[in-house]
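[1] got a predicted structure here, sequence first:
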Amino acid sequence: MAGDLSLLPRAEDLDDLLERDRDDVLSVALATDPTLPEHQAVHPAYLIWLENALRDLLRDLPPPRRRVARPLAQRVTAYVRTWKPSARGLALFAAPDLWRVYPVQVPLPNRVRFGLPDVTALLEALDACPPYAILAVDTRHARLAVGYLGNASLLAEETLDLHTEHWRQTSGRRPTAARRMGEGAGRGTQRDPFEARRRAHVQAFWEHVAAETARLLAARRLTALVVGGPEEAAAAVVRALPPQARRALVGTVPLPRYEGLAEMLQRTVQAAVEAERRRDRELVAAVLEAQGTRAVLGWPAVDEALRLRQAHLVVVESSRLAHHPELPRLARQAGARLELVHADAAAPLAAGGGIAAVLRTPSTAAG
């Protein structure tokens, strides 16, 4: 579906939450898919789950902590009771001076936590649906959008105005050479200059679209691009892409003209997801290759490497992140990159609990 991406969580938002040196944040993630029957009742299932989970949370907190958490739980509950579900997932972060709400069009696991900000549900969603650019192009139109967390938002739109009614077409007697070559009567040869001019304009349009796409990819820091459209148009734009933008290309798909943003997202998201899965497998293979010399497996070894600031990269299977909610904060404090990988790619890491770390070398430590 189309949506305002400014309402969605960005990596910077999560970084800001992780940087907060506080343990008084109520973090909530809810599965709120409005198409499910249990979420269409007057008292929807996600609200029932939330009320029960918050009651259990408050009961288990020591009294001083409970006094801080109770008004936050009441505010969250009041908000969710009046919220009109239009998204498949809802994340909230509440503290005495903090209030953030993120509806997303991907399912989130039901989860509540009080203490350090828990961004694991959103990180899992970001990993499952990484941002990518969608270019839909034909001979006269081009639209560049970004797909992110189940939403699509238009970045730019271009239309080629040929104004062919002002072009002069050749007329009169066909050239002698054409008669000698045995070409049949008609307008074919007479229209050749007109057609050549039209094709030159279309080619220039495709080259302009390729250049503009490269500019927007760089400006938005998007590293994945799916091009859709008729085969000739898509291939021409791909050929015209500058090298950096072409390296971002993860697939081309047939895309009918005048598709809406929701349809563009639906037809292209699989190519982006498959590219992310390939990257996950390559990353895990590289970690295993470094095992024994520059990589460690298992939570105890990874935890120690992070606390000693020896970890350069931490790789964890997405669903395992919930078992280590402190991991995103630890990684950020240690200056380590955190990468989530899907379950199939992480299978070779099963012996280490689905988590591994690549250790710093002198070059990465200096960086």
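    Good, I have the coordinates. The model shown is predicted, which means the values in this text are computed figures rather than measured ones. Numbers count the residues shown, from 1 in each chain.

[2] pretty sure Val227 sits in a strand.
    Yes. Assessed by DSSP: H, G, I helix; E, B strand; the rest coil, Val227 belongs to a strand.

[3] list the contacts for it?
    Counting by CB atoms under 8 Å, 6 or more residues apart in numbering, Val227 touches 135, 137, 234, 237-238, 249, 251-253. Yep, even glycine has a C-beta here, placed from its N, CA and C like the rest.

[4] mind running it again at 6 Å?
    By CB atoms under 6 Å, 6 or more residues apart in numbering, the residues touching Val227 are 135, 234, 238, 252.

[5] which one of those has the most neighbours?
    When neighbours are counted by other CB atoms under 10 Å, Leu135 leads the contacts of Val227 with 31 neighbours.

[6] can you tell me the SS state at it?
    Counting by three-state DSSP, the backbone at Leu135 sits in strand.

[7] just confirm it contacts Thr213, I think it does.
    Yes. With contact defined as CB atoms under 6 Å, Leu135 and Thr213 form a contacting pair (5.5 Å).

[8] need the overlap of contacts for those two.
    Leu144.

[9] out of the contacts of Val227, who's nearest Asn110?
    Leu135 (36.5 Å; CB to CB).

[10] for the stretch 151-300 of the chain, just list every one of the helices.
    Counting by DSSP state H, counting those that start in this stretch, the stretch 151-300 of the chain has helices at residues 176-180, 188-220, 231-240, 243-247, 261-290, 299-307.

[11] tell me which of these sits nearest to Leu313.
    helix 261-290 (7.8 Å).

[12] tell me the mean pLDDT for that closest one?
    For helix 261-290, mean pLDDT is 89.

[13] next one: stretch 107-121
    For stretch 107-121, mean pLDDT is 91.

[14] C-alpha coordinates for that stretch, CSV please?
    Output of stretch 107-121 as CSV, limited to C-alpha atoms (Å, rounded to 0.1, in the frame of the first residue of the first chain):
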residue,chain,number,x,y,z
PRO,A,107,3.5,-8.3,11.2
LEU,A,108,5.3,-7.7,14.5
PRO,A,109,5.5,-10.3,17.4
ASN,A,110,3.5,-9.4,20.5
ARG,A,111,6.0,-8.2,23.0
VAL,A,112,6.2,-5.9,26.1
ARG,A,113,9.2,-4.9,28.1
PHE,A,114,10.0,-2.2,30.7
GLY,A,115,13.5,-1.0,31.2
LEU,A,116,16.0,-0.4,28.4
PRO,A,117,14.4,0.4,25.0
ASP,A,118,13.6,-2.9,23.2
VAL,A,119,13.9,-2.3,19.5
THR,A,120,14.2,-6.0,18.6
ALA,A,121,10.7,-6.3,17.0
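
[15] for that stretch, buried residues please.
    107-108, 110-121 (16 or more other CB atoms under 10 Å).

[16] now, which of these sits nearest Trp206?
    The shortest approach to Trp206 among the buried residues of stretch 107-121 belongs to Pro107, at 38.2 Å (CB to CB).

[17] list the contacts for the closest one?
    31, 88-89.

[18] report the contact partners of Arg267.
    253, 255.

[19] distance of it from Val226?
    Per CB to CB, to the nearest Å, Arg267 is found 9 Å from Val226.

[20] what helix or strand does Phe93 sit in?
    For Phe93, the element it lies in under DSSP states H and E is strand 89-95.

[21] helices or strands up against that strand?
    Packing contacts for strand 89-95, counted by 3 or more CB pairs under 6 Å, 6 or more residues apart in numbering; DSSP states H and E, involve strand 25-31, helix 63-82, strand 98-104.

[22] just name the most buried of these.
    Ranked by mean neighbour count, the helices and strands packed on strand 89-95 are led by strand 25-31 with a mean of 25 (mean count of other CB atoms under 10 Å).

[23] paired strands for that strand, with orientation please.
    Take DSSP bridges as the rule and strand 25-31 pairs in its sheet with strand 89-95 (antiparallel), strand 111-115 (antiparallel).

[24] what lies in contact with that strand?
    Contact partners of strand 25-31, identified using CB under 6 Å, 6+ apart, comprise 46, 72, 76, 90-95, 107-108, 110-114, 117-118, 121.

[25] how about stretch 294-309?
    The contact list for stretch 294-309, computed with CB under 6 Å, 6+ apart, reads 287, 311, 330, 334, 352-353, 355-359.

[26] good, wrapping up.
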